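1. Generate a structure from the sequence data that follows.
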Amino acid sequence: LGALEEAVTSGPPPSGSNGGNPTSRPTPPPTNPPPSPTPPPSSSSNGGIAMATVQMHARAGDCWLVYYGDVYDMTQYAPTHPASSILITTHCGTDATAAYALVHSKALLAIVNSYKLGALEEAVSPTSPPSSSNGGNPTSGPTPPPSSSNGGSPTSRPTPPPSRNPTPSPTTGGSQLTMATIQMHATPGDCWLVYYGDVYDMTQYAPTH
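-> Predicted coordinates for the structure are as follows:
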């Protein structure tokens with residue numbers, strides 16, 4: 001019948017803006033924003049360590065303490081304490097400044113400076129009282145005096161002076177002292193302590209420790 005018709009030659013490709021050969025631009029990969037770092041759990045908004053965080057570390061194996069407004073991790077140091085580790089672990093998770101000050105000077109904290117984690121979060125300032133409707137300063141009206149039953153001016157009876165009962169001295173000779181009595185001696189000038197079930201008056205000894 002005859003030869004097959006030759007394929008029709010396709011036309012030239014459309015010219016690109018660079019002079020003839022169209023170029024394809026690679027699509028840039030989507031950029032993912034870097035993840036924001038997670039703040040450490042022990043830090044509060046003002047940079048200090050919250051007391052609630054300290055209270056979470058309240059056992060001998062995980063023992064945080066507060067001394068003079070700073071937080072210390074005493075877990076590793078407590079077993080090496082010269083007296084007894086229980087003198088430290090008893091206060092885990094609390095502010096132990098008062099207990100520390102009874103037997104040590106503040107300067108000795110330099111020994112455990114490497115265990116300091118940071119400052120305790122500053123106390124929140126108390127909320128100001130609500131203003132009254134009279135312009136800002138709440139005022140309390142005077143309390144009317146109670147009327148007497150005799151139809152005239154109320155009579156005031158003198159208040160008897162409070163009786164002063166002297167504090168009983170602790171009994172000795174084998175009698176046991178109560179913890180309530182020991183807690184009455186809680187200042188550097190009048191300092192009682194309990195060591196292994198016995199009560200000691202450390203007032204005179206503490207300055208020479």
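
2. now the nearest residue to residue 59 once chain neighbours are set aside: how far from residue 61?
-> Nearest residue to residue 59, sequence neighbours excluded (Cβ to Cβ, 6 or more residues apart in numbering): residue 92, at 5.9 Å. Every residue, glycine included, has its C-beta placed from N, CA and C. Note on residue 92: its distance to residue 61, by Cβ to Cβ, to the nearest Å, is 9 Å.

3. Pick out whichever of these two has more residues nearby.
-> Set residue 92 next to residue 61 and count neighbours by other Cβ atoms under 10 Å: residue 92 wins out with 21 against 9.

4. Quickly find the element holding the residue nearest to residue 59.
-> Residue 92 belongs to no helix or strand when assigned by DSSP states H and E.

5. which residues does it contact?
-> For residue 92, the contacting residues are 57-60, 62-65, 74, by Cβ atoms under 8 Å, 6 or more residues apart in numbering.

6. Three-state assignment for residue 192, please.
-> Taking DSSP: H, G, I helix; E, B strand; the rest coil as the rule, one finds residue 192 in the strand state.

7. Residue 205 is in contact with that one, correct?
-> No: under the criterion of Cβ atoms under 8 Å, residue 192 is not in contact with residue 205, lying 11.6 Å apart.

8. More neighbours: which of those two?
-> Neighbours were counted for residue 192 and for residue 205 using other Cβ under 10 Å; residue 192 has more, 18 against 12.

9. Roughly how far does the nearest residue to that one once chain neighbours are set aside sit from residue 53?
-> Once flanking residues are discounted, residue 192 sits nearest to residue 185: 3.8 Å by Cβ to Cβ, 6+ apart. Using Cβ to Cβ, we find residue 185 at a distance of 33 Å from residue 53.
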